[in-house]
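**Student:** I need the structure of the sequence given here:
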Amino acid sequence: MAGGLLNVSWVLSLLCVLQMVETVSGARAPSAGAHISSQFPAAGVSQTSVVDCREVCGLNASDRCAFVRTNPDCRSDGGYLDYLEGIFCHFPARLLPLAITLYAFWLLYLFLILGVTAAKFFCPNLSAISTTLKLSHNVAGVTFLAFGNGAPDIFSALVAFSDPRTAGLAFGALFGYLGFYAFYVVTVVLCTWIYQRQRRRSLVCSMPATPEILSDSEEERMSSNTNSYDYGEEYRPLLLYPETTAQILVQALNPLDYRKWRTKPMYWRVLKVFKLPVEFLLLLTVPVMDPDKEDRNWKRPLNCLHLVISPLFLTLTLQSGAYGVYEIGGLFPVWAVVVIAGTALAAVTFFATSNSEPPRFHWLFAFLGFLTSALWINAAATEVVNILRSLGVVFRLSNTVLGLTLLAWGNSIGDVFSDFTLARQGYPRMAFSACFGGIIFNMLVGVGLGCLLQISRSHMEVKLEPDGLLVWILAGTLGLSLVCSLVLVPLQCFQLSRVYGCCLLLLYLTFLVVALLTEFGVIHLKTV
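**Tutor:** Here you go, the predicted structure:
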């Protein structure tokens with residue numbers, strides 16, 4: 001098992017490195033999505049003279065659309081929708097409040113997508129991987145979860161390092177996650193405390209568990225794949241009739257549990273209606289392996305369909321589809337090659353397996369589902385960042401204030417949902433390990449490999465000039481938070497309490513206040 005774990009880790013590392021090399025070397029490929037783009041300058045790095053995108057609000061209404069379309073500072077490096085163009089080109093100036101309201105509702109729906117993806121697809125696959133490889137929660141958190149959360153950040157850091165003008169941006173983006181990682185730890189500690197308290201209460205007044213009295217979190221843990229026809233032993237018919245392949249496919253793609261629908265209140269039904277399209281698309285694109293079930297959630301027709309759709313989704317989602325539309329030799333697109341290869345593999349799998357028994361290689365679907373759900377989270381988080389940046393332009397927030405608040409929160413929203421959901425489902429150690437493993441992975445691998453590739457390509461040193469006070473505040477707070485964790489955790493005998501979470505939360509609030517006061521000039525260095 002140890003050898004298999006090393007082989008799997010080696011394959012994932014190789015894929016990550018190959019993707020990084022392609023990201024840096026591909027001139028036509030845009031940078032990864034859910035991150036601070038190169039339009040936001042970093043302290044100490046010279047930038048080309050471009051007009052600030054926030055100046056669009058000072059122009060006449062007739063000139064705003066052309067300004068947004070031609071100004072490089074208004075372009076988004078990732079994502080699928082141009083929100084600034086939508087505001088200033090497709091909505092009249094008098095309907096600007098309506099556009100902002102629609103964007104706010106779309107932002108809430110993106111949060112819903114993040115929550116559903118993390119709770120019912122990303123975390124179950126991660127749990128299946130750790131169970132299959134017999135990993136502890138700590139090891140799974142600092143390896144696979146850190147890789148899934150941090151790999152997109154590495155890609156954008158490498159893109160930033162490929163241009164000397166934006167090399168400092170990588171440092172700014174990576175340091176910018178500091179506050180939210182402290183918030184992760186607070187969330188994980190609180191969720192663990194709440195979970196343990198609820199568990200103790202349930203043990204005190206223990207009753208036979210039925211589907212009607214299970215909490216939502218317990219239902220999600222017992223049926224994480226959202227399939228509606230596995231209701232447990234109570235609802236299985238006495239005479240089992242073999243289901244046809246078509247029936248298995250239709251039932252596997254049905255995200256609605258009719259028995260639960262009849263017993264739930266109205267607000268739950270309304271929320272479920274909004275979830276149905278997202279859950280259907282996720283069921284269609286993301287395989288889920290459940291080692292706790294007898295059949296391990298093996299759905300032969302759907303899993304064979306996943307062998308075609310999931311790689312195609314990965315190709316069209318990675319780098320916002322730049323690699324999917326690339327033509328090999330100028331003739332054959334990459335997405336067509338992926339479809340042909342996936343169809344051949346699906347055909348072999350379909351005729352070599354049966355509906356009743358999962359194959360021996362079924363555990364590989366957990367890795368495919370893990371990667372696919374991670375890109376779902378990355379794509380949704382990309383749109384969150386682009387919306388927040390567009391709102392920052394509309395409200396004319398400064399780049400630093402935007403980076404310290406809205407963009408820092410938006411950049412980390414995918415990790416928040418992943419770690420929060422894991423802690424809520426009873427895996428606090430895995431989430432806690434990912435809080436530290438993710439930022440270490442981002443900083444060491446992103447900065448280290450980015451500098452190495454840049455030096456090997458240009459034979460020049462990457463020079464950064466941290467001449468601003470804010471840069472030292474960022475670095476100092478990061479070091480202080482690590483020292484606090486290094487001291488407080490052993491003092492509490494590695495039994496984290498609310499005191500530890502409050503200390504980190506207080507540190508983040510102090511950092512945010514000091515950073516904003518520094519940006520507004522209230523705190524400054526005295527010139528001699």
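**Student:** ok, now which ones touch Ala336?
**Tutor:** Taking Cβ atoms under 8 Å, 6 or more residues apart in numbering, we find Ala336 in contact with no residue. The C-beta positions use only the backbone N, C-alpha and C, and glycine is treated the same way.
**Student:** buried ones in the host helix or strand of it, by neighbour count?
**Tutor:** Taking DSSP states H and E as the definition, Ala336 sits inside helix 334-352. Buried residues in helix 334-352, defined by neighbour count with 16 or more other Cβ atoms under 10 Å: 334-335, 338-339, 342, 346, 349-350.
**Student:** next SSE downstream of that helix?
**Tutor:** Per DSSP H and E, the first helix or strand lying C-terminal to helix 334-352 is helix 364-394.
**Student:** for that next one, give the mean pLDDT please.
**Tutor:** For helix 364-394, the mean per-residue pLDDT is 87.
**Student:** my guess is Asn125 contacts Phe370, does it?
**Tutor:** Yes: under the criterion of Cβ atoms under 8 Å, Asn125 makes contact with Phe370 at 4.3 Å.
**Student:** the host helix or strand of Ser310: what's the following helix or strand?
**Tutor:** In the assignment (DSSP H and E), Ser310 maps to helix 300-317. As assigned by DSSP H and E, the chain's next helix or strand after helix 300-317 is strand 327-328.
**Student:** adjacent strands (with direction) for that following strand?
**Tutor:** Using DSSP bridges, the strands paired with strand 327-328 in its sheet are strand 332-333 (antiparallel).
**Student:** among Asn125 and Phe370, which residue is more densely surrounded?
**Tutor:** More neighbours surround Asn125 than the other of Asn125 and Phe370, with 29 against 26 (other Cβ atoms under 10 Å).
**Student:** are we agreed that that one is in a helix?
**Tutor:** Yes: counting by DSSP: H, G, I helix; E, B strand; the rest coil, Asn125 is part of a helix.
**Student:** roughly how far does it sit from Phe350?
**Tutor:** 22 Å (Cβ to Cβ, to the nearest Å).
**Student:** next one: Asp52
**Tutor:** On the measure of Cβ to Cβ, Asp52 and Phe350 end up 56 Å apart.
**Student:** so for stretch 69-81, what gets flagged as buried?
**Tutor:** So stretch 69-81, judged by 16+ other Cβ under 10 Å, has buried residues 71, 73-79.
**Student:** tell me where the stretch 51-200 of the chain has helices.
**Tutor:** All helices of the stretch 51-200 of the chain, identified by DSSP state H, counting those that start in this stretch, fall at 61-70, 83-89, 96-117, 123-132, 137-140, 146-161, 167-176, 178-204.
**Student:** worst mean pLDDT among those helices?
**Tutor:** helix 167-176 (a mean of 47).
**Student:** pick the one among the buried residues of helix 334-352 closest to Thr477.
**Tutor:** The closest of the buried residues of helix 334-352 to Thr477 turns out to be Val334 (Cβ to Cβ; 42.6 Å).
**Student:** the closest residue to the closest one other than its chain neighbours: how many residues sit nearby?
**Tutor:** Nearest in space to Val334, with sequence neighbours left out and distances taken as Cβ to Cβ, 6 or more residues apart in numbering, is Tyr326 at 5.1 Å. Neighbourhood size, Tyr326 [other Cβ under 10 Å]: 18.
**Student:** repeat that for the one 5 residues further on.
**Tutor:** Residues near Leu331, counting by other Cβ under 10 Å, number 6.
**Student:** over to Pro358?
**Tutor:** Pro358, neighbours per other Cβ under 10 Å, totals 21.
**Student:** SS state for the nearest residue to it once chain neighbours are set aside?
**Tutor:** Excluding the flanking residues, the one nearest Pro358 by Cβ to Cβ, 6+ apart is Trp298, at 3.5 Å. Assigned with three-state DSSP, Trp298 falls in the coil class.
**Student:** please report how far Ser356 lies from Leu486.
**Tutor:** 53 Å.
**Student:** repeat that for Glu243.
**Tutor:** Counting by Cβ to Cβ, the gap from Glu243 to Leu486 is 56 Å.
**Student:** more crowded one of these two?
**Tutor:** Neighbour count, other Cβ under 10 Å: between Glu243 and Leu486, Glu243 has more, with 14 against 10.
**Student:** what about the residue nearest to Ala61 when sequence neighbours are not counted, how many neighbours?
**Tutor:** Distances taken as Cβ to Cβ, 6+ apart put Ala93 closest to Ala61, at 4.0 Å, once the chain neighbours are dropped. Neighbour count of Ala93, defined by other Cβ under 10 Å: 12.
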